[in-house]
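Asker: pasting the structure only:
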């Protein structure tokens, strides 16, 4: 067992849990086994006095069971469609390079330009009748299906995720004790894990294409915990007499080892259905959300914001309350137009050269910023990176301020690659970020905060 997990067990098993201590520790990463439990303390859902915890859980469970989980059919369809796409994208994790290679590969058994091979007959030809490179709907559906698309190659050892499904560990760091894979490791690349492609020759479009596709390395297998679960042997606890380790027995259930598509969709439907009814009871209906966001259909963002809780909490009731408390925090943020003005002004001040490049290339920065601000990067980042980033977010005294600085730090980190892309390619990359060194991003964000005060709120 890692020393970090041991430290968390010591704090969490005390009769009076020191939430301030948990907050300080969480900024440097939370052990995967207790991440969900720590989130509930930091969000104010668990009382600091351990004897009162049982009463709190019983009361919360009763209120949860009393909520209706049924959604209006149109909203249910929209939310489950977003959830299905997000599960395929983040749990199955296909890459640009694999998809593009599959789309452009010559069908098996077909001669050059014939398009008459077995694959072409079964799923449609890659080329249209005019040879313009269009892709039929059936072909795209076949290629993007996680069960039919070719699995990406296994990642090299230095890119494989540990048991906590977090970014790769630092190979230069001293080796930890056995069982340390449940700790939130960090990536080692000074900027990005994936290497950048060499620039193409002048006048060639291959440079930007290579820069884009090489940002997305073969995805690792996603494993959300270290195997500790109800009824599952725990290699860290079974057969041990370590008094600290044995305290895990009294902790809430561990997060799921993985989330199947069916389990994920069922959880999303249950939790978001109850959240919709709870919000309606508070008067936060469709009109309220439309006024605050300035747009319709913002409920789809709930899917991305609930997913990290689904990755670190085993019970739907815990996922519901963690997600609901996060939404309360987001409600305290300035209105979206004000947030956009603040973020874009900070970006212009901190990196005027990249901002000018975006204007020249007509990068749709507004659309990117809206997505980043409304989902806290849970839609755009790899799940392992999201969990590590949210450790710091949930522990932060000012989540909105930290998020703005992290967003600008991401743009600075990706600056060299972004400057090789045109406007649409840059948008594609910024809405599907490569693996990032989150610890470095947080340090860069802290440095930016020293150098550039956050612009004041903008009336919107």
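Answerer: Great, that's in hand. Just so it is clear, the model here is predicted, and its values are computed rather than measured. Numbers count the residues shown, from 1 in each chain.

Asker: Three-state assignment for residue 386, please.
Answerer: helix (DSSP: H, G, I helix; E, B strand; the rest coil).

Asker: Hmm, residue 379 and it touching each other?
Answerer: No - assessed by CB atoms under 8 Å, residue 386 is found out of contact with residue 379, at 9.0 Å. Every residue, glycine included, has its C-beta placed from N, CA and C.

Asker: Contacts for stretch 409-416 next, please.
Answerer: The contact list for stretch 409-416 (CB atoms under 8 Å, 6 or more residues apart in numbering) reads 191-192, 196, 347, 350-351, 354, 377, 418, 429-430, 433-434, 436-437, 440-442, 444-445, 448.

Asker: Take those and keep only those in helices.
Answerer: 347, 350, 354, 418, 429-430, 440-442, 444-445, 448 (DSSP state H).

Asker: Go through those residues and name the one nearest residue 16.
Answerer: For these, the closest approach to residue 16 (CB to CB) belongs to residue 442, at 29.0 Å.

Asker: pLDDT of the helix or strand where residue 359 lies, averaged?
Answerer: Assigned by DSSP states H and E, residue 359 falls within helix 352-361. Here the mean pLDDT over helix 352-361 is 94, rounded to a whole number.

Asker: quick one: contacts of it?
Answerer: Helix 352-361 has contacts (CB under 8 Å, 6+ apart) with 347-348, 363, 365, 411-412, 415, 418-419, 421-423, 426.

Asker: picking that back up, which one (most neighbours) among the ones in helices among the contacts of stretch 409-416?
Answerer: residue 441 (27 neighbours; other CB atoms under 10 Å).

Asker: okay but that one is in contact with residue 388, surely?
Answerer: No - taking CB under 8 Å as the contact criterion, residue 441 and residue 388 are not neighbours in contact, 9.4 Å apart.

Asker: Quick check: next helix or strand after the longest helix seen in the chain?
Answerer: Secondary structure of the chain per DSSP H: the longest helix is helix 261-281. Going down the chain from helix 261-281, the next helix or strand is helix 286-293, by DSSP H and E.

Asker: for that next one, packing partners?
Answerer: Secondary-structure packing of helix 286-293 (3 or more CB pairs under 8 Å, 6 or more residues apart in numbering; DSSP states H and E): no helix or strand packs against it.

Asker: relative to helix 261-281, how tilted is it?
Answerer: Angular relation of helix 286-293 and helix 261-281 on a 0 to 180 degree scale: 90 degrees, by axes from the mean of the first three to the mean of the last three CA atoms, to 10 degrees.

Asker: Can you name the next helix or strand after helix 286-293?
Answerer: On the C-terminal side of helix 286-293, the nearest following helix or strand under DSSP H and E is helix 301-312.

Asker: List of residues touching that next one?
Answerer: Outside helix 301-312, the residues that touch it by CB under 8 Å, 6+ apart are 32, 35-36, 39, 79, 82-83, 86, 90, 165, 224, 255-256, 259, 264, 267-268, 271-272, 275, 318-319, 322-323, 326-327, 330, 374-376, 378-379, 383, 386-387, 390.

Asker: Could you list the low-pLDDT ranges of the chain?
Answerer: Low-confidence segments of the chain, defined by pLDDT under 70, span residues 1, 93-256, 293-296, 457-460.

Asker: Break down it into its strands, ranges please.
Answerer: In the chain, no segments count as strands under DSSP state E.

Asker: Any figure for the gap between residue 297 and residue 81?
Answerer: Distance of residue 297 to residue 81, given as CB to CB, to the nearest Å: 11 Å.

Asker: again with residue 330
Answerer: Residue 330 sits 22 Å away from residue 81 when distances are taken as CB to CB.

Asker: Just want to know which of those two has more residues nearby.
Answerer: Under the neighbour definition other CB under 10 Å, residue 330 and residue 81 were set side by side, and residue 330 has more, 16 against 12.

Asker: The more buried one: what's it in contact with?
Answerer: The contact partners of residue 330, by CB under 8 Å, 6+ apart, come to 305, 376.

Asker: what about residue 332, neighbour count?
Answerer: Close neighbours of residue 332, defined as other CB under 10 Å, add up to 8.

Asker: Ok, residue 361 next?
Answerer: Residue 361 has 16 neighbouring residues, counting by other CB under 10 Å.

Asker: And it, how far from residue 12?
Answerer: Between residue 361 and residue 12 the distance, using CB to CB, works out to 49 Å.

Asker: Leaving out sequence neighbours, find the closest residue to residue 7.
Answerer: If you skip the residues right next to it in sequence, residue 7 has residue 25 as its closest partner in space, 6.7 Å away by CB to CB, 6 or more residues apart in numbering.

Asker: What residues does that neighbour make contact with?
Answerer: 7-8, 11.

Asker: do the same with residue 363
Answerer: If you count contacts by CB under 8 Å, 6+ apart, then residue 363 has 357, 423, 426-427, 430 around it.

Asker: for residue 391, same thing?
Answerer: Taking CB under 8 Å, 6+ apart as the contact definition, residue 391 lies against 26-27, 29-30, 35, 184.

Asker: Leaving aside the residues adjacent along the chain, what's closest to residue 279?
Answerer: Residue nearest to residue 279 in three dimensions, not counting chain neighbours: residue 285, with 7.5 Å by CB to CB, 6+ apart.

Asker: burial count for that neighbour?
Answerer: Residue 285 has 12 neighbours, counted by other CB under 10 Å.

Asker: do residue 407 as well
Answerer: One way to gauge burial is a neighbour count; for residue 407, by other CB under 10 Å, it gives 22.

Asker: quick one: it and residue 343 touch, right?
Answerer: Yes - assessed by CB under 8 Å, residue 407 is found in contact with residue 343 at 6.0 Å.

Asker: Residue 385 and residue 434, how far apart?
Answerer: The separation that residue 385 has from residue 434, given CB to CB, amounts to 9 Å.
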